[in-house]
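J.: Sequence unavailable; structure follows:
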């Protein structure tokens, strides 16, 4: 199964997905939310072959703090190459969870930069949009130390709108990525813990 995890900036998707991987592969249940039902049978058979943060890998590869300063074609082609590398590195039957943004926010504008063809080649089976309390997200973002971080200028209203835009874009992609079928789209709160995600 191949899963795309979308969500706005400030969610710390890498940490969350690392917890999902630890839960599925090493059966570490110490960090899960005890109030969310843990399906022991599903956990026994679970395994994740790769957890991949597309944004983080792209930024490292480009060596640019503000990779959104790149022109649109360079940006799209760079992410396209990473998606193709990931697709080619793992057979279609491997379990991959890939985190990415579907939308970006800068200078009071939202925009979408994605090559649908390369995402289609990755062949996601479902899309999950992570969400969290905007006050928590805002607190994380303003504590960032990088003065060139463009996201630090967002306010609570921006974050609320960004969350809705990311959810809507994820739903549109889930419904229209393939010509012959729709794929499921779920919205998952980070505070529900990694077992909520793995049980999908």
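T.: Ah, there it is. Given the structure is predicted, the values throughout are model-derived calculations rather than measurements.
J.: From now on I want contacts and neighbour counts done on CA atoms only, so please keep to that.
T.: Will do.
J.: Name the residue most distant from the centre of this protein?
T.: What lies farthest from the middle of the chain is residue 41; by CA atoms, centre = their mean that is 26.2 Å.
J.: Find the helix or strand that residue 25 is a member of.
T.: Of the helices and strands defined by DSSP states H and E, residue 25 is found in helix 13-26.
J.: okay, and for the chain, where does confidence drop off?
T.: Low-confidence segments of the chain, defined by pLDDT under 70, span residues 28-39, 42, 62-67, 145-153, 193, 195-200.
J.: Do a quick rundown of the helices in it.
T.: Under the criterion DSSP state H, the chain carries helices at the ranges 13-26, 40-44, 54-62, 72-89, 116-122, 134-142, 156-176, 194-198.
J.: Turn those into TSV, including distance to residue 110.
T.: What follows is the helices of the chain, written out as TSV (distance: least, CA to CA, whole Å):
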stretch	distance to residue 110
helix 13-26	20
helix 40-44	38
helix 54-62	17
helix 72-89	14
helix 116-122	18
helix 134-142	17
helix 156-176	8
helix 194-198	27
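J.: closest one to residue 108 among the ones you listed?
T.: When those are ranked by proximity to residue 108, the top entry is helix 156-176, at 7.9 Å, counting by CA to CA.
J.: Residues contacting that closest one, please?
T.: Defining contact as CA atoms under 8 Å, 6 or more residues apart in numbering, one finds that helix 156-176 is touched by 6-8, 101-103, 105, 108, 110, 126-129, 131, 134-135, 138, 181-185, 187.
J.: and among the helices of the chain, the most buried is which?
T.: Stretch with highest mean neighbour count among those: helix 194-198 (a mean of 21; mean count of other CA atoms under 10 Å).
J.: beta partners of the spatially most central residue of the chain?
T.: If you average the C-alpha coordinates of the chain and look for the closest C-alpha using CA atoms, centre = their mean, you land on residue 99, 2.8 Å from that point. Residues found in beta-bridge contact with residue 99 (criterion: DSSP bridges) are residue 5, residue 53.
J.: so how far is residue 157 from it?
T.: Residue 99 sits at a distance of 24 Å from residue 157 (criterion: CA to CA, to the nearest Å).
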